[in-house]
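Sequence plus predicted model, see below.
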Amino acid sequence: FVNRHRAALIQRVSQVKPLADALLSQGLIQEETYTNICAAATRQDRMRELYAALHCTGDQAKAAFYTILKDAEPYLVEDLGKSPSACLSLCHLLSTLDLGLCVLHHAKPHLGLVLQYENCSGIFS
């Protein structure tokens, strides 16, 4: 997840310092690395610094980062976790059943029971 969604996480994580705080408190990054992350000019630059640190520390730090990220930004993790291939599979299934709708996978959870219809016609034609 952390590797696969690198570009999106760099752009979309809103609060980098709390993530760095947690990694530092768990001993997964060094004080100097933490200082470099916090000193970066933009949140995207802070995330790039954080990724550089994760790259050097390995899979244990990436797993911890994922856990911290799930707690700090659950909606972002949920959004990125939605598989486009699962969407296409569902849309294909629904189109073969001639239902013409791809509502289930595209439902926006924040709308409650109101489902947003997104037209998937033409994907498989």
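Sure, I can see it. Residues are numbered from 1 along each chain as shown.

just checking, next helix/strand downstream of whichever strand or helix holds residue 8?
Taking DSSP states H and E as the criterion, residue 8 maps to helix 6-12. Going down the chain from helix 6-12, the next helix or strand is helix 16-25, by DSSP H and E.

In contact with residue 44: list those residues for me.
10-11 (CB atoms under 8 Å, 6 or more residues apart in numbering). Where C-beta positions appear, they are placed from N, C-alpha and C, glycine not excepted.

hmm, try it at 6 Å
Residues near residue 44 by CB atoms under 6 Å, 6 or more residues apart in numbering: residue 10.

helix/strand/coil for it?
What DSSP: H, G, I helix; E, B strand; the rest coil gives for residue 44 is helix.

670 is where my numbering starts, stick with that
Noted, 670 is the first residue going forward, which turns the last one into residue 713.

which other residues reach the helix or strand that residue 732 is a member of?
For residue 732, the host element (DSSP H and E) is helix 728-741. Identification of contacts with helix 728-741 by CB under 6 Å, 6+ apart yields 670-671, 687-688, 691, 695, 697, 723, 746.

so residue 703 is in which element?
Residue 703 belongs to helix 700-708, assigned by DSSP H and E.

now the angle from that helix to helix 685-694?
Counting by axes from the mean of the first three to the mean of the last three CA atoms, to 10 degrees, helix 700-708 lies at 170 degrees to helix 685-694.

who does helix 700-708 touch, helix- and strand-wise?
The contact analysis (3 or more CB pairs under 6 Å, 6 or more residues apart in numbering; DSSP states H and E) places helix 700-708 against helix 685-694, helix 712-726.

want to try a markdown table for those helices, with distance to residue 736 as columns?
Compiled in a markdown table, those are given as follows (distance: least, CB to CB, whole Å):
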| stretch | distance to residue 736 |
| --- | --- |
| helix 685-694 | 9 |
| helix 712-726 | 13 |
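
need those helices in JSON lines with mean pLDDT and distance to residue 751, can you?
Listed next are those as JSON lines, based on pLDDT from 0 to 100; distance: least, CB to CB, whole Å:
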{"stretch": "helix 685-694", "mean pLDDT": "95", "distance to residue 751": "22"}
{"stretch": "helix 712-726", "mean pLDDT": "93", "distance to residue 751": "21"}
